[in-house]
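Colleague: below are the sequence and a predicted model for it; my questions follow.
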Amino acid sequence: MKKLLYIASIAMLSFGACKNVATINTEEAGKVITNYLKGTPEYKTARFNFGELKFNNEKEYAELENYKKLASEGYVTLTLLTAKKKFLSKDSSFVYAVKLTQKASDFVLKQDQDKATVKAVTYELTNEQPVDFSRVNDNNAKVTVSLKKINTPFAPFQNDAKENSDFITKTYRLKFDKETGWKVNK
């Protein structure tokens, strides 16, 4: 009986040793997340108006300055159609034709007749803060990373352009596949 128990315990240990256990460390987890972000980047969007736009007051003049900056960088063309100076008044009326250029196509996600959804902020993995991960089980891991905020030229067109942070923290779930290795589980 002792001999049978001894053989059974050795057999269980040998089967346990043959089990394919996936290993991962912070460097590997960072590479998996970086590769994932190349294929499916994290970003924040904004609505951008173009076409024939009218600027009448101080608030709209500030927005006009954002359009002028985009025009100077080559993302839009800005053509003055009409300008009406109001006599003895601060407010004047300007009508501009705003057109997107080919250079802006990298940031345009969706385009309608006179509005576009554009990338206002993109996020990249920071090198300063390490990747924090915890093993859920042998084939799953939970990874929390810090992503730094990078403003695009269309950042001033966000609803809430004033943010309290230059980064976001995001948690991803990683799953081990025997054929492809570690990958982000959607």
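Modeller: On my side now, so go ahead. Residues are numbered from 1 along each chain as shown.
Colleague: all contacts plus neighbour counts: C-alpha atoms, from now on.
Modeller: Fine.
Colleague: what helix or strand is the closest residue in space to Asp132 that isn't next to it in sequence located in?
Modeller: The shortest distance from Asp132 to any non-neighbouring residue, by C-alpha to C-alpha, 6 or more residues apart in numbering, is to Thr144 (5.2 Å). Using DSSP states H and E, Thr144 maps to strand 140-151.
Colleague: so what strands line up beside that strand?
Modeller: Sheet pairing for strand 140-151, assigned by DSSP bridges, gives strand 115-125 (antiparallel), strand 132-137 (antiparallel), strand 167-177 (antiparallel).
Colleague: neighbours around Thr101, how many?
Modeller: 12 (other C-alpha atoms under 10 Å).
Colleague: wait, it touches Gly74, no?
Modeller: Yes. Assessed by C-alpha atoms under 8 Å, Thr101 is found in contact with Gly74 at 7.1 Å.
Colleague: quick one: contacts for the residue nearest to Asp132?
Modeller: 131-133, 169-172 (C-alpha atoms under 8 Å, 6 or more residues apart in numbering).
Colleague: can you find the helix or strand in this protein with the smallest mean pLDDT?
Modeller: helix 2-17 (a mean of 43; mean pLDDT, DSSP states H and E).
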